[in-house]
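K.L.:
Pasting the sequence and the predicted model now:
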Amino acid sequence: MENLSLKQTVPRAEVGEVEGILFTKPICSMWNQVWKFKARPDDLLIATYAKAGTTWTQEIVDMIQQNGDVEKCRHATTYRRHPFLEWSMQEYSAVSYSGLELAEAMPSPRTIKTHLPVQLVPPCFWEQNCKIIYMARNAKDNLVSSYHFHRMNKALPDPGTWEEFMEKFMTGKVLWGSWYDHVKGWWKAKDKHRILYLFYEDMKENPKQEIQKILKFLEKDMKSEVLNCLLHNTSFEMMKENPMANYTTEFQGIMDHSVSPFMRKGVVGDWKNYFTVAQNKKFNGDYKKKMADTSLVFHMEL
């Protein structure tokens, strides 16, 4: 695949809506095909709100599936190993990507990635009773990470100022919709379906324990030395340097890592470096209202 050179000016993505949820125009135009996607019973779906530890979860799952074989996990980039179901980019001649096409051509068993809110997941995933791993991250860190990602990724709409982006995030006028609806919707669904619901903060605090939950969910066993190798290779420091996971090998000209690296900090509590006292107060008030109807609890710091 050719890479775009940074000299080309890439226009920012335009947005549209599907059932009240914002998506980029290419996703909207492909929506019927996404909705009719045919899942297979042995598909594994990794679902997250964008910038909630998706790539991390993918890498951990891949390492488990390859039984800790680092070389096998590096045979291709994350977005080729795990098709990004609804994502498509046709507007850049040098870089076209269709998660759907990639998924359809892939032999079983497949691991597929999505950022869709639960109500927009293609019905076949429920009909086939597929296993799903959902990773959730606290709203404040998720917001900061999204803001920086929008700054560096031209395939996404311009975030505007920090203040403006925070406002959009709070009102749900961002891609893939409201963070609040997303985490709550998936939380509700976990009681009816085969969903393992994980938290980014738990994964940071005790990765071994969380990875053991994934192993159990995937009905896999792993020797302790392989598990230790997996822990090492899926640490933030290692992944930041891994060209197969850090998004530096493709999408040049679309992702500008000089603005902000794709793998930025990978910490809990970075929001404190961005929120003013007034913003924090406003955010907390709004958060309390929106999270009043759920048993879901997040840790804003470790």
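P.N.:
Received, thanks.
K.L.:
since we're on Ala47, how many residues are nearby?
P.N.:
27 (other Cβ atoms under 10 Å). The C-beta positions use only the backbone N, C-alpha and C, and glycine is treated the same way.
K.L.:
quick one, what contacts it?
P.N.:
Residues in contact with Ala47 (Cβ atoms under 8 Å, 6 or more residues apart in numbering) are Lys113, Thr114, His115, Leu116, Val118, Val121, Ile132, Ile133, Tyr134, Met135, Trp186.
K.L.:
distance of the residue nearest in space to the middle of the chain from Asn153?
P.N.:
Nearest to the mean C-alpha position of the chain, by Cα atoms, centre = their mean, lies Thr54 at 3.5 Å. Distance of Thr54 to Asn153, computed by Cβ to Cβ, to the nearest Å: 14 Å.
K.L.:
ok, how many other residues are close to Ser235?
P.N.:
Ser235 has 13 neighbours, counted by other Cβ under 10 Å.
K.L.:
just the one 3 residues further on next, same as before
P.N.:
Look at Met238: counted by other Cβ under 10 Å, it has 14 neighbours.
K.L.:
Next SSE downstream of the helix or strand hosting it?
P.N.:
Element membership for Met238 (DSSP states H and E) is helix 236-240. As assigned by DSSP H and E, the chain's next helix or strand after helix 236-240 is helix 277-290.
K.L.:
Could I get the full set of helices for the stretch 51-200 of the chain?
P.N.:
54-65, 70-73, 78-81, 99-104, 124-127, 139-152, 162-171, 179-189, 200-205 (DSSP state H, counting those that start in this stretch).
K.L.:
Would you mind putting the CA coordinates of the helix holding Met238 into CSV?
P.N.:
Provided in CSV are the C-alpha atoms of helix 236-240 (Å, rounded to 0.1, in the frame of the first residue of the first chain):
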residue,chain,number,x,y,z
PHE,A,236,2.7,0.9,26.9
GLU,A,237,6.4,1.4,26.5
MET,A,238,6.8,-1.6,24.3
MET,A,239,3.7,-0.9,22.2
LYS,A,240,4.7,2.8,21.7
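K.L.:
buried set for that helix?
P.N.:
Neighbour-count burial for helix 236-240, counted by 16 or more other Cβ atoms under 10 Å, picks out Met239, Lys240.
K.L.:
same for it, what does it pack against?
P.N.:
Judged by 3 or more Cβ pairs under 8 Å, 6 or more residues apart in numbering; DSSP states H and E, helix 236-240 is in contact with helix 54-65.
K.L.:
Poorly predicted segments of the stretch 51-200 of the chain, please.
P.N.:
91-95 (pLDDT under 70).
K.L.:
make it 50
P.N.:
93 (pLDDT under 50).
K.L.:
what comes into contact with the helix holding Met238?
P.N.:
With contact meaning Cβ under 8 Å, 6+ apart, helix 236-240 is reached by Thr55, Trp56, Glu59, His232, Asn233, Ala245, Asn246, Pro261, Met263, Gly266.
K.L.:
and if you look at stretch 281-295?
P.N.:
So stretch 281-295 is contacted by Ala139, Lys140, Met166, Met170, Tyr180, Lys184, Trp187, Lys188, Phe275 (Cβ under 8 Å, 6+ apart).
K.L.:
swap the cut-off to 6 Å and go again
P.N.:
Residues outside stretch 281-295 that contact it (Cβ atoms under 6 Å, 6 or more residues apart in numbering) are Met170, Tyr180, Lys184.
K.L.:
pull the CA atoms of that stretch into CSV?
P.N.:
The C-alpha atoms that make up stretch 281-295 are tabulated as CSV, following Å, rounded to 0.1, in the frame of the first residue of the first chain:
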residue,chain,number,x,y,z
LYS,A,281,-16.7,21.6,38.3
LYS,A,282,-18.9,21.9,35.2
PHE,A,283,-18.0,18.5,33.9
ASN,A,284,-18.6,16.8,37.3
GLY,A,285,-22.0,18.3,37.6
ASP,A,286,-23.0,17.2,34.1
TYR,A,287,-21.4,13.8,34.7
LYS,A,288,-23.4,13.2,37.9
LYS,A,289,-26.6,13.8,36.1
LYS,A,290,-25.8,11.6,33.1
MET,A,291,-24.5,8.7,35.2
ALA,A,292,-27.3,8.8,37.8
ASP,A,293,-29.2,6.0,36.1
THR,A,294,-26.5,3.4,36.1
SER,A,295,-24.6,1.2,38.5
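K.L.:
Buried ones in that stretch, by neighbour count?
P.N.:
Buried residues in stretch 281-295, counted by 16+ other Cβ under 10 Å: Phe283, Tyr287, Lys290, Met291.
K.L.:
again, but for stretch 266-285
P.N.:
Across stretch 266-285, burial judged by 16+ other Cβ under 10 Å covers Gly266, Val268, Gly269, Asp270, Trp271, Tyr274, Phe275, Gln279, Asn280, Phe283.
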